[in-house]
Every structure is written in structure tokens, then in C-alpha cells.
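J.: I would like to see how this sequence folds:
(one chain, ligands or ions: 2)
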Amino acid sequence: MNLNLETEAIIFDIQGFSVHDGPGSRTLVFFKGCPLRCYWCCNPESWTTQPQLLYRRNKCVKCYRCVEHACAKGAISITNPGEYITINREICKECHDVSCAAECYHDALKQVGKKYTLDELMHKIERDRRFWSGRGGVTVGGGEMMTQYRFVANFLAACHESHIHTAVETTGYAPWANYELVLKNVDWAFVDLKHMNSDKHKEGTGVRNELILENIAQIAKMSLEGNLRFIVRMPVIPNFNADDENVLATAQYLKTIGVTEVNCLPFHRLGASKYEQLDRVYACEDMPSPPDSLLKHIQQLFESEGITCYRSSDTPF
Ligand code: SF4
Ligand code: SF4
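T.: Ligands and ions are numbered 1, 2, ... in the order given. Model prediction:
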């Protein structure tokens, strides 16, 4: 899909009334596209920048209307009567209109990812203004919102012009010049730090961590200069980054760059059904969430190093 990168973007969700991603009540805007492939990701529908098709078998009544009418490219078929439809995802990969979704009257086929212009997005979020109270506002996340950084920068500038408090959530994986553009109009920044060992980081996420560490240091510096509030977030993934060695290395790193707070977020499986809806395999199908005792232990380790650690939604806002 061709976009004007300054004024158009693909967004996969907009949620009001969030109290976990910045101060007050907030509207979350999720941008599609991400350069990382964290194996525990709970938003697999965010990975590509293009709109995609979800197939929700629990809503499918096997009427087969879609087989006959929905896809001019022949991507939908049935093998045997009475079975669920089959979607040829190789064909869908090249499809950007996802026109089939409108043909399913039972909502079993759903388009995820929709184009918004800047004006459309501003209009949409403005409807929530009365729920933000004095402290709330808008939080931009993804996916990785930096994949659409030109639009995001313009959107955040428009928010500030309209006196809307702004926050961003990011993987930290983008060129610093792009962050400079975006952060001009950000009040709060949440940046993930997933592993201190770069080889391990690449194993778990698909990318090395050097760029992320450099960006975190730069954002920490901005924060110390008083330009924005900055919180590092560490997803707690059992058997990946939750060992003492990595937690202590993270604490040491944060201390060297002057960061005194971290928010630990336990792994959860809430995104599992979306893998099925995209015909993808979920690597964490059988992985339990970390027990509270592990989170408390990690908190103690951080605090023994002088870093305030907020567990889960127990945050300073
Ligand atoms: S996806 Fe929708 S249109 Fe296709 S068979 Fe199921 S209910 Fe019918
Ligand atoms: S997403 Fe596109 S290619 Fe895939 S079934 Fe729908 S219309 Fe056909």
C-alpha cells in the first residue's frame, strides 16, 4: 500500500481508558510494523506494516460464502465439505486491500490494520478528551511506532499543539536521528530492555542490542536534562532474561547512565489466539507466566543495586 509517510499511517488498534501506559487515563494508538521478532510477542498482528487477515474459527459458521465470493485471487478454499476454510497465506502476503473481510457476515474474517490520515486520527482521539482528566493523554505504541516515525512525529506535534499529554512505548531499535525527531514532542518515554547480552538478545528478538543500549543512554541523558520522563521496561521472560546475572547486569548498566527506575512486566499468553488467527505457530504455547516469587526476587535484586523496581502495573503513575 502506497502511503504519504508524513500524513498517512497504518494503525492496528486504538484503545481508550488505559491506565497502564502513562499517567492518568489514556488513549493508546498502536502502529503496525516491527523490526524485532521477540518469540514471546503478544501482538503478532503488529509485525508487518501492511493490513492483514485474521481468521477466527470460533465465529466461522462454515457457510463458505468467502470461498465463492470473497477473494478474486483464489486464496480461500475448502478441502472437504464440513471443514474449516483454508487460507493460502503466501497469496495474502501480497494483498493489501483484504477485501475478503467485508464478505464474511459472521465476522470470522477480520482485517487488522487500517490506514489513517493525520486528521482522521486526531479526530478519533479527540473524542476521548473528556476521559483523560488533567493527567491523561495519548500513548503511542505498536509493534514499533518508529517504523512509521515521520507520521508519529507529526502526530505527536499535533497532540502538543492541542495540549494533549504524550507518551511513547518503543523497543529502542531505530536510528537516533529518527528518535530526535519524534522525542521533540514526547512527555513520557517507555523503552524496553530485553537482555544485556547481545548474542542472547539476538537469539530472543532477532536483533542485537547495541543500538538499543545507545539509544537508552541518549534518552536517559535527555531525561536527566529535564526534557522528558523516562522509564525502562523489562519484560520478564522465564528461561531467557530472568536470571540473576542478567538482572544484575541490567541494574549495573542503568546505574552507569543515571537511570534509577525500572518497570518489570511479566510474560503473559494473552496474544496466543492471535497466532492461531494468523495461521502461525506460537513458540510460547505451553510457557507459564513467571510466578510472583520470581518477580519479587528480581525486584529485590534491582533494589539491592539502588534501582527502584515497579512490578507489573504497580507503577509510579
Ligand atoms: S469465514 Fe465467514 S464467510 Fe467464510 S465460511 Fe466462515 S463464516 Fe462463512
Ligand atoms: S487477504 Fe487478500 S488475498 Fe487473502 S483472502 Fe483476503 S482478499 Fe484474498
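
J.: Could you pull out the helices in this structure for me?
T.: Assigned by DSSP state H, the helices in the chain fall at 65-69, 89-93, 118-126, 149-161, 176-183, 198-205, 210-224, 244-256, 272-277, 292-304.

J.: Figure out which of those helices is closest to ligand 1.
T.: Of all the helices of the chain, helix 65-69 sits nearest to ligand 1, with 3.2 Å by C-beta to the nearest ligand atom. Where you see a C-beta, it was placed from the backbone N, CA and C, and this is true even at glycine.

J.: just the CA coordinates of that closest one, formatted as PDB?
T.: Coordinates of each C-alpha in helix 65-69 appear next as PDB, following Å, rounded to 0.1, in the frame of the first residue of the first chain:
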ATOM      1  CA  ARG A  65     -19.600 -17.600   1.100                       C
ATOM      2  CA  CYS A  66     -16.000 -16.500   1.300                       C
ATOM      3  CA  VAL A  67     -14.800 -19.400  -0.900                       C
ATOM      4  CA  GLU A  68     -17.100 -18.400  -3.700                       C
ATOM      5  CA  HIS A  69     -17.200 -14.600  -3.400                       C
END
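
J.: do it and ligand 1 meet?
T.: Yes. With C-beta under 6 Å from any ligand atom as the criterion, ligand 1 is reached by helix 65-69 at 65-66.

J.: how far is that helix from where the chain is centred?
T.: 33 Å (C-alpha atoms, centre = their mean, to the nearest Å).

J.: Determine the set of other helices and strands touching it.
T.: On a contact count with 3 or more C-beta pairs under 8 Å, 6 or more residues apart in numbering; DSSP states H and E, helix 65-69 meets strand 76-77.

J.: which one is residue 179 nearest to, not counting chain neighbours?
T.: Closest residue in space to residue 179, ignoring its immediate chain neighbours: residue 215 at 6.1 Å, by C-beta to C-beta, 6 or more residues apart in numbering.

J.: thinking that neighbour is in contact with residue 174, fair?
T.: Yes. With contacts counted by C-beta atoms under 8 Å, residue 215 reaches residue 174, the gap being 7.4 Å.

J.: how near is the residue in the chain sticking out farthest from the centre to residue 103?
T.: What lies farthest from the middle of the chain is residue 81; by C-alpha atoms, centre = their mean that is 38.5 Å. Taking C-beta to C-beta, to the nearest Å as the measure, residue 81 falls 19 Å from residue 103.

J.: now do residue 316
T.: 48 Å.

J.: Those two: who's more crowded?
T.: Between residue 316 and residue 103, counted using other C-beta atoms under 10 Å, residue 103 has the larger neighbour count: 14 against 10.

J.: and the more buried one, what pLDDT?
T.: Listed pLDDT for residue 103 reads 94.

J.: any idea how the protein splits into domains?
T.: 8-49+117-311, 52-112 (automatic domain parsing).

J.: which of those domains is buried the deepest?
T.: domain 8-49+117-311 (a mean of 18; mean count of other C-beta atoms under 10 Å).

J.: export the domains of the chain to JSON lines and tack on distance to ligand 2?
T.: Output for the domains of the chain, formatted as JSON lines (distance: least, C-beta to the nearest ligand atom, whole Å):
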{"stretch": "domain 8-49+117-311", "distance to ligand 2": "11"}
{"stretch": "domain 52-112", "distance to ligand 2": "3"}
